[in-house]
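>>> I would like the atomic coordinates for the input below:
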Amino acid sequence: MNVQKIAVIGWDGATFDVIFPLIRKGALPNLQRLISNGAWGKLVSTLHPLTPPAWASFMTGMNPGKHGVFDFIGMEKGGQFRVINGKAIKAKTLWARLSEAGRRVAVINVPMTYPPEPVNGFLIAGMDAPRWDYAFTYPPELAEELYKYFGTYRVGVPPRGWILTPVKHFTPHYIKQLCELVYLRSRVTCYLLEHYPIDFLMVVFTATDRAQHALGHLMANGVSPDDGIGQVYKACDDALGSILERLDEDWIVFLMSDHGACPYNRVFELSTWLVKQGWLHLRPEHQLQKLIRSISLVYYPLSKLLGGVGLKKTTLERFFEQIIWEKTRAFALGAFGSIYINTTERFPKGVVKLKGEYQAICEQITEELLSIRDPDTGETVVQAVYRADEIYHGPYVSLAPDLLIETASNYFVRNNLDHCEGQIIYPAGRYQGRSLMHTGKHSLEGILIAIGTPFAPGGNRHAYIMDVAPTILYLSGLPIPSEMDGKPLLDWLTPDYRQSHPVQWCVSRSLDESKLDNSFYNQQEDEIIEARLRDLGYIG
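You can find the predicted model right below:
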């Protein structure tokens, strides 16, 4: 029996709002060919549209309530919080299911894949891999092969220099490095395609997301092929062309993003707001510690020269030690605005009783958030507040934040664990420690483009990110687990294909028992990952 070969190419954070203007200017010929000959539409992400829950929902076909990943920061059952990695995903991944069915897979740079899980083929971990001098690949010897043929391997580009560098000088350097990273990732992908038999290919290019965070303000007036975002998209299009050249005509190809992107020009600092409203109480920070921390954020190497004085603990540890728990009823953690109610049932030092107080506090915080107005513009800042049990379902909803905030499109939420600004709302700009601006944020609608014999060409289709995994299983001739929340995208396919290929369903254990004992980072790894996430604007 012939095995249907499938490739999934991810452009992290890619949006049609950037793609179509660039296509009209002739800057993305390979992507234009896919759109012209394939099926395409917007791909709705998770709420929040954030890297960990979005990619985890893609790779499991399930909502976060079933796979247990809600943010870069995760809660353990004892009420403790840690920066998480791919081991926190408690459901089987798409490549695990394909491997079990005998398909040969190659998974490259997908976020939330560290530590690398055993597959029938290859896996190179993504942005949650802390270092590149020990096992970040499966099999482990693949790392040696990469270094032998390419001399190096990198997952990202630091968004700050080792010396104080003006934004206007560092930004072109950063964009150049992003484009070089795209080229390296493309070469690695093509190498594996040329040297090994592969039935399923998955590779993610994260440079699109990074460029949009740093240069989101360009999106407001239209991106051009020659600006920083345009350069990165063109590099990704060149990579797409190189990969397509190595795929036979019988391959099915998906191009997707985990979420979209849009510009913002105002920042809403959630932790500061919670303090000023009396929900969160913090101890005053020691002035020496504050000075050392502030310097280290601007010039990271100095903290190493100082031997990490005052920085022996992670950002999370320092934040939790600052909290006066007996007075705190709510606190914020993670990206995009997530609030936890300090209940006696969930947290060791909880003060809010689930019966009698919890509901009223949720309602009061929601009412207060929805009433916030920007003092400078008069605009509504928060447009919606959701309860976790309204949008998630499954055995791990108890690990989710209690309230999730959706701001107006031109506002970005920071929780600011370091509590530096002291302002609730202020203009977008430059975070401490970054040599870049930060003016672009994630949006709910990403992209999905599919080309191959089964697909009926045409645009303006609609899909959810959880639909992609069951669609790939269906196209692979494999049964779809009934516990998946996503559904195969049958309306994207030709009638003849649907009629000749009935959907098969099965019942399987969605829980991946190898992940019951979560693998968290050690102290050194925590520091590396926290610094990376802080630089990207996701924590702190």
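
>>> Now do the same contact list for residue 530.
With contact taken as C-beta atoms under 8 Å, 6 or more residues apart in numbering, residue 530 is in contact with 83, 314-316, 539-540. C-betas here are computed from N, CA, C, even on glycine.

>>> I misspoke; the intended subject was residue 273.
Taking C-beta under 8 Å, 6+ apart as the definition, contacts of residue 273 comprise 372, 424.

>>> hmm, back to that, filter the contacts of residue 530 down to just the ones in helices.
315-316 (DSSP state H).

>>> Walking through the stretch 1-150 of the chain, point out its strands one by one.
6-11, 39-44, 73-75, 81-83, 105-110, 121-125, 137-138 (DSSP state E, counting those that start in this stretch).

>>> Quick check: the gap between residue 89 and residue 330.
Counting by C-beta to C-beta, to the nearest Å, the gap between residue 89 and residue 330 amounts to 27 Å.

>>> Please identify which of these two sits among more neighbours.
Using other C-beta atoms under 10 Å, the more surrounded residue of residue 89 and residue 330 is residue 89, with 27 against 21.

>>> hang on, isn't the more buried one packed against residue 58?
No. Contact criterion C-beta atoms under 8 Å: residue 89 and residue 58 do not qualify, at 10.9 Å.

>>> right, and the strands of the stretch 1-150 of the chain - which one's nearest residue 463?
For residue 463, the closest of the strands of the stretch 1-150 of the chain is strand 39-44, at 5.2 Å, according to C-beta to C-beta.

>>> Which strands and helices lie in contact with the closest one?
strand 445-451, strand 458-464 (3 or more C-beta pairs under 8 Å, 6 or more residues apart in numbering; DSSP states H and E).

>>> what's the spacing between the longest helix along the chain and its chain's center?
Secondary structure of the chain read by DSSP H shows that its longest helix is helix 167-195. On the basis of C-alpha atoms, centre = their mean, to the nearest Å, the separation between the geometric centre of helix 167-195 and that of its chain is 19 Å.

>>> Run through the residues that contact residue 18.
Counting by C-beta under 8 Å, 6+ apart, residue 18 makes contact with 212, 219, 223, 229, 233, 261.

>>> try 6 Å this time
Residues in contact with residue 18 (C-beta atoms under 6 Å, 6 or more residues apart in numbering) are residue 223.

>>> Pretty sure residue 331 sits against residue 281.
No. Using C-beta atoms under 6 Å, residue 331 and residue 281 do not qualify as a contacting pair, with a distance of 9.5 Å.

>>> thinking again about what came up before, out of the strands of the stretch 1-150 of the chain, which gets nearest to residue 531?
strand 81-83 (10.6 Å).

>>> helices and strands around the closest one, which ones?
Using 3 or more C-beta pairs under 6 Å, 6 or more residues apart in numbering; DSSP states H and E as the contact definition, the elements that strand 81-83 packs against are strand 73-75, helix 523-535.

>>> Run me through the strand neighbours of it, direction for each.
Strand 81-83 pairs in its sheet with strand 73-75 (antiparallel), by DSSP bridges.

>>> In space, what's closest to residue 417 - neighbours in sequence excluded?
Distance criterion C-beta to C-beta, 6 or more residues apart in numbering; nearest residue to residue 417, sequence neighbours excluded, is residue 319 at 4.2 Å.

>>> How about residue 395?
According to C-beta to C-beta, 6+ apart, the nearest residue to residue 395 is residue 66 (6.9 Å).

>>> just residue 506 next, same as before
Leaving aside its chain neighbours, residue 506 sits nearest to residue 479 (3.8 Å; criterion: C-beta to C-beta, 6+ apart).

>>> what's near enough to touch the one you found?
Taking C-beta under 6 Å, 6+ apart, one finds 504-506 in contact with residue 479.

>>> Touching, residue 69 and residue 55? I think so.
No. In this structure, residue 69 is not within contact of residue 55 by C-beta under 6 Å, at 8.7 Å.

>>> follow-up on the earlier one: how deep is the residue nearest to residue 417 tucked in, by neighbour count?
The number of residues packed near residue 319 is 22, by other C-beta under 10 Å.

>>> and if you look at the one 5 residues further on?
Look at residue 324: counted by other C-beta under 10 Å, it has 11 neighbours.

>>> closest one to residue 38 among the helices and strands packed on strand 39-44?
Nearest to residue 38 among those is strand 445-451; the distance by C-beta to C-beta comes to 3.2 Å.

>>> tilt between that closest one and strand 39-44?
Angle, strand 445-451 to strand 39-44, by axes from the mean of the first three to the mean of the last three C-alpha atoms, to 10 degrees: 150 degrees.

>>> Name the strands paired with strand 445-451 and say parallel or antiparallel.
Paired with strand 445-451 in the same sheet, following DSSP bridges, are strand 39-44 (antiparallel), strand 252-256 (antiparallel).

>>> Please produce JSON lines containing those strands, extended by mean pLDDT and mean neighbour count.
Listed next are those as JSON lines, based on pLDDT from 0 to 100; neighbours: other C-beta atoms under 10 Å:
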{"stretch": "strand 39-44", "mean pLDDT": "98", "mean neighbour count": "22"}
{"stretch": "strand 252-256", "mean pLDDT": "98", "mean neighbour count": "22"}
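
>>> can you redo the ones you listed as JSON lines with distance to residue 474?
Supplementary listing: these in JSON lines, determined by distance: least, C-beta to C-beta, whole Å:
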{"stretch": "strand 39-44", "distance to residue 474": "15"}
{"stretch": "strand 252-256", "distance to residue 474": "11"}
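
>>> and residue 30, which of these is closest to it?
strand 252-256 (9.5 Å).

>>> after the closest one, next one along is what?
Sequence-wise, the next helix or strand downstream of strand 252-256 (DSSP states H and E) is strand 260-263.

>>> Let me know the average pLDDT across the helix or strand just after that following strand.
For strand 260-263, the succeeding helix or strand toward the C-terminus, using DSSP H and E, is strand 266-269. Predicted confidence along strand 266-269 averages 95 (mean pLDDT).

>>> thinking again about what came up before, backbone dihedrals for the residue nearest to residue 417, please?
Geometry field for residue 319 lists phi and psi as phi -60, psi -50, criterion degrees, to the nearest 10.

>>> My read is that it contacts residue 416, right?
No. Counting by C-beta under 6 Å, no contact exists between residue 319 and residue 416, whose distance comes to 9.5 Å.

>>> which residues of the stretch 101-250 of the chain score low on pLDDT?
Low-confidence regions of the stretch 101-250 of the chain, defined by pLDDT under 70, span residues 132-134, 162-163.

>>> mind listing the helices for it?
Along the stretch 101-250 of the chain, the stretches classed as helices by DSSP state H, counting those that start in this stretch are 141-150, 167-195, 207-214, 216-221, 228-245.

>>> want to try CSV for these, with mean neighbour count and distance to residue 24 as columns?
Conversion of these to CSV gives the following (neighbours: other C-beta atoms under 10 Å; distance: least, C-beta to C-beta, whole Å):
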stretch, mean neighbour count, distance to residue 24
helix 141-150, 14, 35
helix 167-195, 17, 22
helix 207-214, 27, 18
helix 216-221, 17, 15
helix 228-245, 21, 12
